[in-house]
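>>> Okay, predicted coordinates and the sequence, questions at the end:
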Amino acid sequence: MDTTKKTKFYEKKQIKSDIQTLGKVLASPNKKKIMYVLSTPNTPKDICKKTNLNFPTISKNLKDLEKLELIKIDNKNLRKGKIVFISKKGEDVVEDIRKNNL
């Protein structure tokens, strides 16, 4: 599939978020689960419980999502009690996934 066909597909779907960022989330079921859980702020431990993923998996994916600027982490200096929030960019990604059944 060439680039023009891909662009037309996403134009029809009315995607708000960056295509590359959206693609990285869609390529990882774990990232997708985490993004859905973050409709409310959570600690990493709460995210583990809600997604049934182990802590190292959550930790790695949170770092990746933070690099993509989809989440924000408060109290980074604390060993326990970090709070993870979804960013505006992250909200757009989740909305695109839900709205377009991706």
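Yes, it's here. Numbers count the residues shown, from 1 in each chain.
>>> So residue 85, which state does it fall into?
Following DSSP: H, G, I helix; E, B strand; the rest coil, the label given to residue 85 is strand.
>>> for it, which residues make a bridge with it?
Beta bridges link residue 85 to residue 72, judged by DSSP bridges.
>>> since we're on residue 50, how many residues are nearby?
By the criterion of other Cβ atoms under 10 Å, residue 50 has 14 neighbours. For the C-beta atoms, the positions are set from N, CA and C on the backbone; glycine is no exception.
>>> before we move on, which element is it in?
Using DSSP states H and E, the element containing residue 50 is helix 44-51.
>>> Restricting to C-alpha, output that helix in PDB.
Taking Å, rounded to 0.1, in the frame of the first residue of the first chain, the C-alpha atoms of helix 44-51 are listed here in PDB:
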ATOM      1  CA  PRO A  44       1.700   1.900  38.600                       C
ATOM      2  CA  LYS A  45       0.600  -0.700  41.100                       C
ATOM      3  CA  ASP A  46      -3.100   0.100  40.400                       C
ATOM      4  CA  ILE A  47      -2.400  -0.200  36.600                       C
ATOM      5  CA  CYS A  48      -0.900  -3.700  37.200                       C
ATOM      6  CA  LYS A  49      -4.000  -4.800  39.000                       C
ATOM      7  CA  LYS A  50      -6.400  -3.400  36.400                       C
ATOM      8  CA  THR A  51      -4.600  -4.700  33.400                       C
END
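>>> Other residues contacting it?
30, 33-34, 37-38, 42, 53-55, 58-59, 62, 82, 84 (Cβ atoms under 8 Å, 6 or more residues apart in numbering).
>>> In helices only, show me these.
30, 33-34, 37, 55, 58-59, 62 (DSSP state H).
>>> Selection in ChimeraX covering whichever of those residues are buried, please.
In ChimeraX, a selection of the buried entries from those looks like this (16 or more other Cβ atoms under 10 Å):
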select :33,34,37,58,62
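>>> As JSON lines, the ones in helices among the contacts of helix 44-51 with pLDDT and distance to residue 14 would be great.
Formatted as JSON lines, the ones in helices among the contacts of helix 44-51 follow (pLDDT from 0 to 100; distance: Cβ to Cβ, whole Å):
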{"residue": "30", "pLDDT": "97", "distance to residue 14": "26"}
{"residue": "33", "pLDDT": "96", "distance to residue 14": "24"}
{"residue": "34", "pLDDT": "97", "distance to residue 14": "24"}
{"residue": "37", "pLDDT": "95", "distance to residue 14": "25"}
{"residue": "55", "pLDDT": "96", "distance to residue 14": "37"}
{"residue": "58", "pLDDT": "97", "distance to residue 14": "31"}
{"residue": "59", "pLDDT": "95", "distance to residue 14": "34"}
{"residue": "62", "pLDDT": "97", "distance to residue 14": "29"}
